[in-house]
Structures are given as structure tokens and as C-alpha cells.
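**Student:** okay, here's the prediction I keep looking at, along with the sequence it came from:
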Amino acid sequence: MARGFRKKGVDARAWNWPCTEWCNIEKAWSPTSIVHVKFICLCAVVGWPRAAHVFDPVDTFDVLSNITEVDALLVQTSLCKQDLERQPTLLPILASGQLEVHWLPHHHLNKHDLRVDPAAGVRRVGVHTIHVDRELQQEVERALASHFSASGIGEEPEFVHLDPNMLFQFNEGRLTTPQHTDMVYQQLSTLQIGFAKQSGCVSEWFFCSRWKTGQRLVNMMSVGMPAVVWSDAQGYLDVVEGLWPNGDGGPQAEVYPPELIITSDSDVHVALKALLNNASLRAEASEKGLRLAARFHLDRIVDHLDDILLAIEARKAAQ
């Protein structure tokens, strides 16, 4: 995000170390907005009281601790925004104007426009995630074996688990540079079909299904990869139903092929068979996915965040 703001000519800086160190180092700098990521840096709130302070919890669910110290809260799904706007503890704070809740999904940055060719033969299908979902893999492999043994045509594709912890083992599984981000899209472009399922975080399913980002699917779509999508995660529904940014998709909403949106692992074989048999469906999913993903490009997400920050800065300046 900082790179996106710098592209707009904004002096944007990122800090990935303990916030108390930043508070001590940056005494000579006067930021007009500070985005607190994963936790609220209280020394920054105290040190720059006139700045706009916005909290982005990312993948954490403890959003209420010290929430009155910030001006706005960023959330990743439309349903998370609804949940928090109805939260009894937050109702009086929101009504007073002291706090705002904004839906701001995660972006993609396929800046080199890497593409999967949907007309090409399907050789590799799979996922790009740290989570190991044995049940999904077994279901997909059974579906592949059944399909190709019945048809007797072509070579059976392989299921591939692209695990960032392994792919970026040289950097302790972390993505910290633009080159690492580029590598993610290079890795994704080696798959012809993807699967978007909320496989991790099942122990806190209420929050996972309602509040977790759909970025994994957006990344797939940004390379034109046809994907089978589970409908039990709001982050994915926001994407396939074209809800961002208006919340209702609008009168000309782009909608992903419904036959590729499933409810359970047992439905995988039907959706996967449809993609394997129908190059036109793969092309449709690719084209619609690209258009849906374009809404989440870094430049567009930065523009939305810029509007949020400028409005808060103006409000605080007028106080």
C-alpha cells in the first residue's frame, strides 16, 4: 500500500518492526495519516494526535481493544462491516461520529499482467496457500482420476499445492519485497485451474467465514485462472458477486459463472468436470475473473483509502 501511495506522489512509509522503535525514530516526521496494521500503536496515537489514525486488523479478530483510540476501522468483507455496525459496544461510538467503519478489501498487484491461457490443455490444478487441506486434495484427485479413466482421452492433470512457506523458505515464508510479490503471480500462472476454499481458520469459523479476505481468489483471477469457488466464505462471495465497491453489484454487475460456485467438497467433481470438458467455460471464467479482479487492483484500493484518509484529516482539522 505504501508503494501505491508513493506512486501518487505521497510521502508514504512502511514500518515492519516494533512500533515503539518507530515512535522514537520518526520524531522529525509529521505524518497526516497513520494506518495501524494488526494492532494499534498507542505511542503513535499519543505522539501524533492530530493525524488520522486508522486500524487495519488484517487477519486478526480482536478489533475492539483500544478501538476508541483510532478514527476508523478497515474491514475486509461486506459482512464484517455489517456485523460491526450492529455490534452493541460500537453502536454509541459510531453514532457519535468518533469512529467510522470502512470496507476496504485487500488488493492484487499483478503488475506484469501475467496470464493463464484458458484455451490451453489442463496440466496442473491446485491451490496457493499455506493451509494443508487433505480432504480437498483427495476429492480433486478422485475427480480427476474418475474423469480421465472414463474418457480415456489425454493425460490426467496433477494436483499441486503451492505452499508459500516452502516457496519462500529462503525468507522464512515471508513476502517482503516487490520481487517476492511478482513471484506469487509467476507461481499462480503455472496452474490452469484453481480452487478457492477457506481451508484454514476452521476453529473460529464464524469469523473466518464472515470476516476473512477473498484476496486468494482475487490473485487467481488476476492471472485469468478459472477457479472453483466455495460459497461459504463471504470474502469469496464479495468477489464472485461483484459486490465491491458498492455493496450490491449495481445494475450491470459482473457475475462469475454460477456452475463454478459450490457449497461443499462433494460438489467439486461436477464443477471440475465442467471446466475440463468445456474450453468455452474456462474462457468465460477467465474473462469474467479478470474483470472482477480489476476492481481490486492496488491503484483502485489506494484511491479508496486515500479518500477515507483525506476525509478524516479534514474532519480533524476542522475540530
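**Tutor:** Great, that's in hand.
**Student:** does anything pack onto the helix or strand hosting K81? Which helices or strands?
**Tutor:** Assessed by DSSP states H and E, K81 sits inside helix 78-85. With contacts defined as 3 or more C-beta pairs under 8 Å, 6 or more residues apart in numbering; DSSP states H and E, the secondary structure elements packing on helix 78-85 are strand 72-75, strand 100-103, helix 205-211, helix 234-240. Bear in mind the C-beta positions are built from the backbone N, C-alpha and C, glycine included.
**Student:** average pLDDT for the first one?
**Tutor:** It stands for strand 72-75. Predicted confidence along strand 72-75 averages 98 (mean pLDDT).
**Student:** chain center to that strand, what's the gap?
**Tutor:** Centroid separation for strand 72-75 versus its chain: 15 Å, with C-alpha atoms, centre = their mean, to the nearest Å.
**Student:** parallel or antiparallel, which strands does that strand pair with?
**Tutor:** In the sheet containing strand 72-75, its partner strands are strand 52-56 (parallel), strand 100-103 (parallel), by DSSP bridges.
**Student:** what does the first one contact?
**Tutor:** Translated: strand 52-56. 32-38, 40, 44-45, 63, 67, 69-74, 104, 308-309, 312-313, 316 (C-beta atoms under 8 Å, 6 or more residues apart in numbering).
**Student:** ok, back up a step: and among the helices and strands packed on helix 78-85, the most buried is which?
**Tutor:** Most buried of the helices and strands packed on helix 78-85 by mean neighbour count (mean count of other C-beta atoms under 10 Å) is helix 234-240; its value is a mean of 26.
**Student:** beyond that one, next helix or strand please.
**Tutor:** Beyond helix 234-240 in the direction of the C-terminus, DSSP H and E gives the next helix or strand as strand 261-262.
**Student:** give me the residues contacting that next one.
**Tutor:** V228, V229, W230, S231, V240, V268, V270, A271.
**Student:** please repeat the previous calculation with a cut-off of 10 Å.
**Tutor:** Surrounding strand 261-262, the residues in contact under the criterion C-beta atoms under 10 Å, 6 or more residues apart in numbering are 195-197, 227-232, 236-237, 240-241, 255, 267-272.
**Student:** OK, contacts around the most centrally placed residue in the chain?
**Tutor:** Relative to the mean C-alpha position of the chain, the nearest C-alpha, by C-alpha atoms, centre = their mean, is the one of Q215, at 2.0 Å. Neighbouring residues of Q215 by C-beta under 10 Å, 6+ apart: Q76, P105, H106, H107, H108, S222, G235, Y236, V239, F296.
**Student:** same question for P105.
**Tutor:** The contact partners of P105, taken as C-beta under 10 Å, 6+ apart, are 74-78, 213-215, 218, 235, 238-239, 243-245, 295-296, 301, 304.
**Student:** likewise for S286?
**Tutor:** Contacts for S286 were tallied using C-beta under 10 Å, 6+ apart; they are R115, V116, D117, P118, A119, Q192, M221, V223, G224, M225, P226, A227.
**Student:** returning to what we had before: any idea which of the contacts of Q215 is closest to E155?
**Tutor:** Distance from E155 was checked for each of the contacts of Q215 by C-beta to C-beta. The minimum falls on S222, at 27.8 Å.
**Student:** any idea how many residues pack against that closest one?
**Tutor:** When neighbours are defined as other C-beta atoms under 10 Å, S222 has 27 of them.
**Student:** quick check: it vs L114, distance?
**Tutor:** 8 Å (C-beta to C-beta, to the nearest Å).
**Student:** could you do A285 as well?
**Tutor:** From A285 over to L114 (counting by C-beta to C-beta), the distance is 17 Å.
**Student:** burial measure for the closest residue to G121 other than its chain neighbours, as a count.
**Tutor:** With C-beta to C-beta, 6 or more residues apart in numbering as the measure, G154 is the residue that lies nearest to G121, at 7.0 Å, once sequence neighbours are left out. For G154, the number of neighbouring residues by other C-beta under 10 Å comes to 12.
**Student:** who's in contact with G154?
**Tutor:** When contacts are counted by C-beta under 10 Å, 6+ apart, G154 touches G121, V122, R123, H147, F148, L276.
**Student:** which among the residues you listed count as buried?
**Tutor:** Of the members of the contacts of G154, the ones counted as buried by neighbours, 16 or more other C-beta atoms under 10 Å, are V122, H147, L276.
**Student:** report the lowest-confidence entry in those.
**Tutor:** H147 (88).
**Student:** just give me the neighbour total for the spatially closest residue to A233 that is not a sequence neighbour.
**Tutor:** Taking C-beta to C-beta, 6+ apart, and ignoring the residues beside it in sequence, A233 has Q198 as its nearest neighbour in space, at 4.0 Å. In terms of burial, Q198 registers 22 neighbours under the definition other C-beta under 10 Å.
**Student:** pretty sure Q198 is in a helix, no?
**Tutor:** No: secondary structure assignment places Q198 outside any helix; it is coil (DSSP: H, G, I helix; E, B strand; the rest coil).
**Student:** what's the distance between it and E156?
**Tutor:** With the distance defined as C-beta to C-beta, Q198 ends up 27 Å from E156.
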